[in-house]
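Peer 1: next comes the sequence, and after it the predicted model I'd like to discuss.
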Amino acid sequence: MAILQGECPKCGKRILHVNVEQIVGMVDGSSKARCLSYSCIHCNTVLGVQIDPRSKPRLRSNKPAPAS
Ligand SMILES: [Zn+2]
């Protein structure tokens, strides 16, 4: 079987570019994780969503605000 280039399941065009959007995963109405969504640039069908691998929600730097 030949290796196919990815095609959009909706418009059938090859996926050479995707729109990447940063979105927020919600659990029970509160935001839990940064996610990335990938959508077809031709028809805007969402092709996939994943947790942003770079996001480390617990690692937010907690700099003390300068008292001025
Ligand atoms: Zn498409």
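Peer 2: On my side now, so go ahead.
Peer 1: do you know the pLDDT at the residue most central in space within the chain?
Peer 2: Nearest residue to the geometric centre of the chain (CA atoms, centre = their mean): Leu36, 0.8 Å. Model confidence at Leu36, given as pLDDT, is 94.
Peer 1: quick one: Leu25 and Gln50 touch, right?
Peer 2: Quick fix: residue 25 is Gly, not Leu. No. Using CB atoms under 8 Å, Gly25 is not in contact with Gln50, being 9.7 Å away. Heads up, the C-betas are built off the backbone N, CA and C, glycines and all.
Peer 1: would you map the strands across this structure?
Peer 2: Using DSSP state E, the strands of the chain run over residues 18-27, 30-40, 46-51.
Peer 1: name every strand pairing with the second one and say which way it goes.
Peer 2: What that stands for is strand 30-40. Applying DSSP bridges to the sheet, strand 30-40 is found paired with strand 18-27 (antiparallel), strand 46-51 (antiparallel).
Peer 1: for Cys8, which of those is the nearest?
Peer 2: strand 46-51 (6.9 Å; CB to CB).
Peer 1: can you show me the CA trace of the closest one as CSV?
Peer 2: Extracted in CSV, the C-alpha atoms of strand 46-51 (Å, rounded to 0.1, in the frame of the first residue of the first chain):
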residue,chain,number,x,y,z
VAL,A,46,-10.9,20.5,12.6
LEU,A,47,-8.5,17.6,11.9
GLY,A,48,-7.2,17.1,15.4
VAL,A,49,-6.8,18.4,18.8
GLN,A,50,-4.1,17.7,21.3
ILE,A,51,-2.8,18.9,24.6
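Peer 1: that one vs the ion: in contact?
Peer 2: No. Strand 46-51 lies out of reach of the ion by CB under 5 Å from the ion, never closer than 8.1 Å.
Peer 1: and the nearest residue to Cys40 once chain neighbours are set aside, how many neighbours?
Peer 2: Nearest residue to Cys40 in three dimensions, chain neighbours excluded: Cys8, at 4.4 Å (CB to CB, 6 or more residues apart in numbering). By the measure other CB atoms under 10 Å, the count of residues near Cys8 is 18.
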